[in-house]
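J.: Dropping a prediction and its sequence here:
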Amino acid sequence: MTKQVVGRQRELDLVRAALASGAHILLEGPPGTGKSTLLRQVAAARHAEFVLVEGSAELTPARLVGSFDPALVLEQGYRPENFSDGPLVRAMREGGLLYVEELNRVPEETINVLLTVMSEGEINVPRLGRIAADESFRLVAAMNPYDSVGTSRLSMALYDRTCRVAVGYQDAEHERQIVQLSAEHAKQPLVAEAVELARATREHPDLRSGASVRGAIDYARLVPELAEVRAVSADDWQAGLDAALTTLSGRVRRHESCQRSADEVIEEIFRRVRATSQQGGETDPGE
């Protein structure tokens, strides 16, 4: 069953309209903002196959397009039936929705293959011949504009062949809805605290990128489990801090000028958020 998108009506409308117009799309936004969930919902509504490709330096043209089976080629030669379709060719033949994640991590030669398909609507595979894309075929690529490790700048040729849709973080209310749906048994105060913690990491001056709603979901799930393991109350201060460190510290990226560790920054955020979310409750043992 396809998960439903929360708080993304504008983006859904734009993506649906762009695909219906015949355009290919570049989704630009940080991780954890529901880009793949959004596209799965769109693909389901279009009754089209959803073909996911994870972008990386290892995504060569051959892996994207497909290749001949070496053993069968030796035995039978370069026959069409001996060719194994890659995700691009499969989506082209079936009129599917090809979703390429982390496009700015993909080698330039592989991006050039995508540019050809977007421009010409076809591809020529050596020893196989011309493959024309079904008229329903669409390419949607995604990139994280804040990630500069192992990435390259995309050329204007690609921007010129796509419609760009910016996907930012949802507002606090929508994020609380997402956490509540994903952590069904979490109580509302815990859900609210989880969202506030994650959102605070995105605004902290020592952090160049913060945690997505996935961090809030993991926090809301982990706190009651940790409290049960330790036989303490669900609002235990130390259990909350340890859960915050575990679920958030690995998801944030510090500025190069920051002299503190990620754990120290997360602890500062936790102390501030807990002080406001549980006023009159358990006191900070560090005070």
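T.: Arrived safely.
J.: quick one: the strands in this protein?
T.: Taking DSSP state E as the criterion, the chain carries its strands at 24-28, 50-54, 66-68, 83-85, 97-101, 122-125, 129-132, 138-143, 162-166, 207-209, 253-254.
J.: As CSV, the ones you listed with mean pLDDT and mean neighbour count would be great.
T.: Any C-beta I mention is one placed from the backbone N, CA and C, and that applies to glycine too. Supplementary listing: these in CSV, determined by pLDDT from 0 to 100; neighbours: other C-beta atoms under 10 Å:
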stretch, mean pLDDT, mean neighbour count
strand 24-28, 94, 21
strand 50-54, 94, 18
strand 66-68, 94, 18
strand 83-85, 94, 16
strand 97-101, 95, 24
strand 122-125, 95, 16
strand 129-132, 95, 12
strand 138-143, 94, 25
strand 162-166, 95, 17
strand 207-209, 92, 17
strand 253-254, 94, 17
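J.: Distance from stretch 65-80 to the middle of the chain?
T.: 35 Å (C-alpha atoms, centre = their mean, to the nearest Å).
J.: Distance to Gln188 added to the strands of the chain, as a markdown table?
T.: Below are the strands of the chain laid out as a markdown table (distance: least, C-beta to C-beta, whole Å):
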| stretch | distance to Gln188 |
| --- | --- |
| strand 24-28 | 31 |
| strand 50-54 | 34 |
| strand 66-68 | 50 |
| strand 83-85 | 48 |
| strand 97-101 | 33 |
| strand 122-125 | 52 |
| strand 129-132 | 53 |
| strand 138-143 | 32 |
| strand 162-166 | 31 |
| strand 207-209 | 27 |
| strand 253-254 | 30 |
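J.: Identify whichever of those lies nearest to Trp237.
T.: strand 207-209 (22.9 Å; C-beta to C-beta).
J.: I'd like to know which elements the closest one is packed against.
T.: Packing partners of strand 207-209 (3 or more C-beta pairs under 8 Å, 6 or more residues apart in numbering; DSSP states H and E): strand 253-254.
J.: Note down every partner strand of the strand it packs on and its orientation.
T.: Sheet partners assigned to strand 253-254 using DSSP bridges are listed as strand 207-209 (antiparallel).
J.: which residues touch the partner strand?
T.: Residues outside strand 207-209 that contact it (C-beta atoms under 8 Å, 6 or more residues apart in numbering) are 30, 146-147, 201-202, 252-255, 258, 265.
J.: Of the strands of the chain, which is nearest Met156?
T.: Here strand 162-166 is closest among the strands of the chain (C-beta to C-beta), at 10.9 Å.
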